[in-house]
Structures are given as C-alpha cells and as structure tokens.
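*Asks:* No sequence on hand, only this structure:
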C-alpha cells in the first residue's frame, strides 16, 4: 500500500528513525563527558538550561544546538526528498517525542523546547521567529526561561493557523505545544508560588 507513491512501511521506518535520532540524550552525554550526571544536578533536567547552570555556558550552548539539530535535520532531510510533504510534520513530531520520551532513558527525557524549535525552524521559520521573539522579550523582562518557553509554545499553534498551516501541521503543532507546556508543570507551580529560579547570564 502506498501514500502519494511512497509505501506506508517506508514512511513508518523514516518516522521511527526520526524518533531514534530525537532519543539521543545530548545533555546527558555531554554531562557524562565532564564526569557529571546532570539528572542528579540542579533541576535534574537534561536540557540546555540545566547544563548551562551546572557545567557552564559553553556546554549549555552546545546542548541547545545539539537538541535543536535533532529536530531540524530529520525534517529538512524529509523536505528535501520525494516523500509526501505531510510526512515532514510527522517526522518532526517523532523527533520531538524521542527527546521527551527517550528510548535510551526508559522513555524519560527533556522538556523538548530546543528540539521543538529545530522542528519548527524547518517547518515554519516565520512562526518560530515570532515565538523566539516572544521568548526573548519575556526572558529579558523577567529572567524566567520557563515562562518564555511556555509562552513561546502557546504562541505556536495560533501562529501556524494564521499562517495557513495544513490540518496535519496544525495538529502536530498543537500536540507539541501541549506536551511542552505539560512538561513545565513543576515550573508553572514554582512561577505561581514565586520560587522559580531566574536565569543569570
């Protein structure tokens, strides 16, 4: 059976490969290179912010880039191929889910912000530019990475819809946004109680 000339089996293999790429725990591997298990340090998260705080700016930036590329590259590869255009959105979702629910970490992982950014940079650079601008403004004003991340995630679905995204793309965007926000539930509690840590450059 084929969809737009490509067998479903092949498309499922591509989606599975994207999930495995997304599952690579960039922050954890970088932390271990420095002899640190970041899951036991700081917030316990394997994302760039915790690496920045526990190891240093350089490692934090490398983690950010690595997590972003996990979402960016699989989508770009699919977009440059002869696969159906809609497959790029599903591949992006798979890579994102790989980071958040990593096969190599017993289906645990990061909060997905950087990987989601990579996915959306490949799928809709205009919408993600709006989200990044919102994140930057909020971070500059209040110094809460979590607040900026939550707001940016919430901004993506309406931005994609207003820019004319397809039903598949809009659905994938909404799913990613909801997962990102849900993964920040502890941060939301701390923001409401006034105990959330501020980011220091």
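*Replies:* Great, that's in hand. Since the model is a prediction, treat every value here as computed from it, not as a measurement.

*Asks:* list the helices and strands the top helix by length along the chain packs on?
*Replies:* Using DSSP state H to define each element, the chain has its longest helix at helix 57-79. The helices and strands touching helix 57-79, judged by 3 or more Cβ pairs under 8 Å, 6 or more residues apart in numbering; DSSP states H and E, are helix 8-23, helix 26-33, helix 48-54, helix 85-100, helix 113-123. In this view, the C-beta of every residue, glycine as well, is placed from N, C-alpha and C.

*Asks:* of those helices, which approaches residue 193 most closely?
*Replies:* helix 48-54 (19.1 Å; Cβ to Cβ).

*Asks:* starting at the chain centroid, how far to that closest one?
*Replies:* 16 Å (Cα atoms, centre = their mean, to the nearest Å).

*Asks:* which outside residues touch it?
*Replies:* 27, 30-31, 36, 38, 41-44, 59-61, 63-64, 67, 114, 145, 199 (Cβ atoms under 8 Å, 6 or more residues apart in numbering).

*Asks:* picking up where we left off before, between helix 113-123 and the longest helix of the chain, find me the angle.
*Replies:* Orientation note: helix 57-79 sits at an angle of 40 degrees relative to helix 113-123 (axes from the mean of the first three to the mean of the last three Cα atoms, to 10 degrees).

*Asks:* where in this structure is pLDDT low?
*Replies:* Scanning the chain for pLDDT under 70 picks out the ranges 1-6, 201.
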